[in-house]
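# predicted structure and sequence below. I'll ask about it afterward.
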Amino acid sequence: MSSQADLMDKVVALAKRRGFIFQSSEIYGGLSGAWDYGPYGVELKRNVKNAWWQSVVHWREDMVGLDAAILMHPKTWEASGHIANFADMMVDCKNPKCSGRFRPDQLKDHKCPKCGGTEFTEPRAFNLMLKTSVGAMEDSSSVVYLRPETAQGIFVNFQNVIDSTHRKLSFGIAQTGKSFRNEITPGNFTFRTREFEQMEIEYFCRPEQALAKYEEWIQSRFSWYIDLGIKKENLKLRVHDKDELAHYAAGCTDVEYNFPFGWSELEGIANRGDYDLKQHAKFSGKDLQYQDPVTLEKFFPHVIEPSGGCDRATLAFMVDAYHEETVNDTLRVVMKFHPRLAPIKVAVLPLLKKNEGIVALAKKIKSELQKDIVCVYDDTAAIGKLYRRQDEVGTVFCVTVDVQSLEDKQVTVRHRDTMQQERIPVENLHRYLKEKLI
Ligand code: ATP
């Protein structure tokens, strides 16, 4: 198996070679901090989001979903504290030929990563929000921000959701969507980017329930990654020290993954008290308190916020799935994705692409499977090569149609991880694959 440093290079190379992730606007030299998901990447990332949605919305009784706009009233960001406080410290390299900008906490040995210089300006705060303007006039009244997190879209809709769904505490609202941050030093592939997708939950409860709900969400979010195949030894929880916490927060725990570049945050679960709703009530002048339907008592619910990144999760699933082995003196690269995450579940392959009977049967099988199994038909190379290509994108099963299939109505099913092959009657194929893919 690769060394850690190699591993990242190999995953990045495979991501490009096999159409998972491309650099944004590559033909123009690329744009730093932005990435495009290719044909397999888009399927993988969508599966990650769907698995999250299923787990936190569909499989629970106490959650609903939301899809708020990226652009929000600018007062939102005053209330949330982002305009005043959402900043990283930044230094400039003093070498006039370089003038690189960095976060001082990310400098190794106080050395400029671009030119090796050791002299920097004094650290100063740099707001990470990306600004734009709406409407025809470009004055201060037209300024809006590209949201730096999806969470505020949930808080500002708290009353709308209660009024329209009659939810009682405790309950939560989940949302996925794009967020934007003008990161000073984007890097480590899709780990830190300027445009990314978040998967966020605001879970509202009574103040006295907050600690128990916080603990529950930490366990539930940790298990989600493990259940989808992340190796246990590569995942850990990190409890924030008191001095890392915002003044209103009662606690925060990160789920960290052992990336080749070190243990890094995939998701944070924060116990935020009643800060957010109180702030929005103050800035909007609206009553955002919850009223108990029985006692009629009014109060601000406390909030637990599990906040993860879809791109970071997708990258972790890719790194964790990467597997190499030697088979008959040649290297086999396999992406051992969990079947629910695999971009393609089944590839239907004709053994001889010039045999009309084989091609027709293979295409018929594909068109029947595709109704509820994501599958592809491929005849662009010899079978050995087709298997290797499917292994590299993590396709769970290959179904091969050969001359004998025309007579005995059976096909060969090859398992990705073991490479074992078995003959399955065509009439049982759909049921067989469905059972194995659950
Ligand atoms: P970091 O300390 O790595 O900058 P953060 O603590 O600022 O992250 P949060 O504000 O808690 O991150 O955002 C919640 C989640 O959103 C993160 O756990 C991460 O998965 C994702 N995320 C945040 N910033 C980025 C980014 N620049 N690129 C990709 N994902 C991000």
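On my side now, so go ahead. All values derive from a computational prediction rather than experimental measurement. Residues are numbered from 1 along each chain as shown.
# show me which helix runs longest in this protein.
Ranked by residue count and defined by DSSP state H, the top helix of the chain is helix 210-227.
# quick one, what contacts the closest residue to Cys112 other than its chain neighbours?
Leaving aside its sequence neighbours, Cys112 sits nearest to Cys93 (C-beta to C-beta, 6 or more residues apart in numbering; 4.3 Å). No exception for glycine: its C-beta is placed from N, CA and C like everyone else's. When contacts are counted by C-beta atoms under 8 Å, 6 or more residues apart in numbering, Cys93 touches Ser99, Gly100, Arg101, Phe102, Cys112, Lys114, Cys115, Gly117, Glu119, Phe120.
# tell me what the longest helix of the chain is packed against?
strand 195-205, strand 235-239, strand 251-259, strand 262-271, strand 302-309 (3 or more C-beta pairs under 8 Å, 6 or more residues apart in numbering; DSSP states H and E).
# give the pairing partners of the third one; include direction for each.
Partner strands and pairing direction for strand 251-259 (DSSP bridges) are strand 235-239 (antiparallel), strand 262-271 (antiparallel).
# and those strands: which comes nearest the ligand?
strand 262-271 (4.2 Å; C-beta to the nearest ligand atom).
# so how far is the closest one from its chain's centroid?
13 Å (C-alpha atoms, centre = their mean, to the nearest Å).
# ok, now how distant is Met318 from Ile373?
Computed with C-beta to C-beta, to the nearest Å, the distance linking Met318 and Ile373 is 22 Å.
# quick one, which of these two is more surrounded?
Counting neighbours by other C-beta atoms under 10 Å for Met318 and for Ile373 shows that Met318 has the greater number, 23 against 18.
# pretty sure that one is touching Ala13, no?
No. With contact defined as C-beta atoms under 8 Å, Met318 does not reach Ala13; the gap is 11.8 Å.
# walk me through the domains of this protein.
4-73+148-319, 344-437 (automatic domain parsing).
# mind putting these into CSV with mean pLDDT and distance to Met129?
CSV is the format used below for these (pLDDT from 0 to 100; distance: least, C-beta to C-beta, whole Å):
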stretch, mean pLDDT, distance to Met129
domain 4-73+148-319, 97, 5
domain 344-437, 96, 37
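# quick one: which of those is nearest the ligand?
Of the domains of the chain, nearest to the ligand by C-beta to the nearest ligand atom is domain 4-73+148-319, at 2.3 Å.
# return the residues in contact with the one residue sitting closest to the centre of the chain.
The centroid of the chain falls nearest to Cys310 when counting by C-alpha atoms, centre = their mean (1.4 Å). Counting by C-beta under 8 Å, 6+ apart, Cys310 touches Lys45, Val48, Lys49, Trp52, Thr176, Phe196, Glu197, Gln198, Met199.
# so which of those residues are also by the ligand?
Phe196, Gln198 (C-beta under 6 Å from any ligand atom).
# closest one to Gln279 out of the contacts of Cys310, please.
Gln198 (19.8 Å; C-beta to C-beta).
# surely that closest one touches Arg312?
No. At 9.6 Å, Gln198 and Arg312 do not qualify as touching, with contact defined as C-beta under 8 Å.
# what about those two, which has more around it?
More crowded of Gln198 and Arg312, by other C-beta under 10 Å: Arg312, with 25 against 21.
# which strand residues bridge the closest residue to Ala316 other than its chain neighbours?
Residue nearest to Ala316 in three dimensions, not counting chain neighbours: Tyr257, with 4.4 Å by C-beta to C-beta, 6+ apart. Counting by DSSP bridges, Tyr257 is bridged to Leu235, Ser264.
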